[in-house]
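Asks: Here's a sequence, model it:
(one chain, ligands or ions: 1)
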Amino acid sequence: MWVDDEELKDFLKGREVDRKRLYCNWCKQETNHEVKGQHVVIFNAPGEMQEVLIYRLWICRGCERGLLEQEYLNEVMGEDEEDLEYFPKRSRSAFAPKSYSKLRSELTAIYREALTCYNEHAFILCTAGLRALLEGICQDKRIKGRNLKAKIDGLKAILPNKNIIRNLHHFRFMGNEAVHELAAPKPDELALAIGVIEDLLNFLYEMDYKASRLRELRRSNGPKRTKSNKAESATVTLAPNP
Ligand SMILES: [Zn+2]
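Replies: I've put the predicted structure just below:
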């Protein structure tokens, strides 16, 4: 395909794009993305196959999350052949962690790890994480009970929305089995459970919509001021990997 550097440069120039529609893990749909920068690596050793790696940083026009695209090309690939990889992986079923303004950092860590386990298909550990999170929430709210089932019932005292409790009881794995008896629940069931626990977190610890959506960042030029004044670490906390 390419014989000299000039031809290769022309070929690469022709492939340049600054806008495209990609699935956004955070927006949970295909959205317009804008390219913010790219880096091209050319492997062009004499006598060897010419290969190219292109890295592009895409930003979602909806939520402003970043996405790294790696495109691989070589001289024998067909015109329509594409070898694209995305980091983080595009996943229509992946959960992006939300921000809860009043959730203690220890519980936030468990919540995020449980979601990471789900996204990486470690369903047993995700289940254990969700249970640990529920235990932690009950402890945080000083709800007592012989076992997790009783504690979930105990949440009634602080929760006007009884649906959440009813839903939590629906998940067998939230019941009374010891952790060593945990069997992997079906991913669908686990996804529903994550949704219910997020409802609970939202109710008890208030989802920080602004932080979760990063809308404010669009309007501000510099780092956001926070109460703790640690703008940089706040940005890191507010922008977890989807
Ligand atoms: Zn998005």
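Asks: quick one: what helix or strand has the residue of the chain positioned farthest from its centre in it?
Replies: The centre of the chain is farthest from one residue, residue 47, which by Cα atoms, centre = their mean lies 43.0 Å away. If you go by DSSP states H and E, residue 47 is not part of any helix or strand.
Asks: what does this protein put close to the ion?
Replies: 24, 26, 27, 60, 62, 63 (Cβ under 5 Å from the ion). For every residue, glycine as well, the C-beta is placed using N, CA and C.
Asks: quick one: which two of those are the most distant?
Replies: 26 and 62 (7.9 Å; Cβ to Cβ).
Asks: So if I had to pick from those two, which one is more boxed in?
Replies: residue 26 (21 against 16; other Cβ atoms under 10 Å).
Asks: would you say the more buried one is within a helix?
Replies: No. Counting by DSSP: H, G, I helix; E, B strand; the rest coil, one finds residue 26 to be coil, located in no helix.
Asks: Can you give me the domain assignment for the chain?
Replies: Per the record, the chain has its domains at 12-87, 105-214, by automatic domain parsing.
Asks: from the chain's centre, how far out does the longest one sit?
Replies: How far domain 105-214 lies from its chain's middle: 18 Å, per Cα atoms, centre = their mean, to the nearest Å.
Asks: Quick one: mean pLDDT over that domain.
Replies: Averaged over domain 105-214, pLDDT sits at 85.
Asks: Now for residue 116: which residues touch it?
Replies: For residue 116, the contact set (Cβ atoms under 8 Å, 6 or more residues apart in numbering) is empty.
Asks: quick check, nearest of the residues of the chain next to the ion to residue 195?
Replies: residue 26 (15.9 Å).
Asks: In the longest strand along the chain, which residues are buried?
Replies: Longest strand in the chain by number of residues (criterion: DSSP state E): strand 29-43. Residues of strand 29-43 classed as buried under the neighbour-count rule (16 or more other Cβ atoms under 10 Å) are 31, 33, 38, 40.
Asks: That one: what's the following helix or strand?
Replies: Next element after strand 29-43 (DSSP H and E): strand 51-60.
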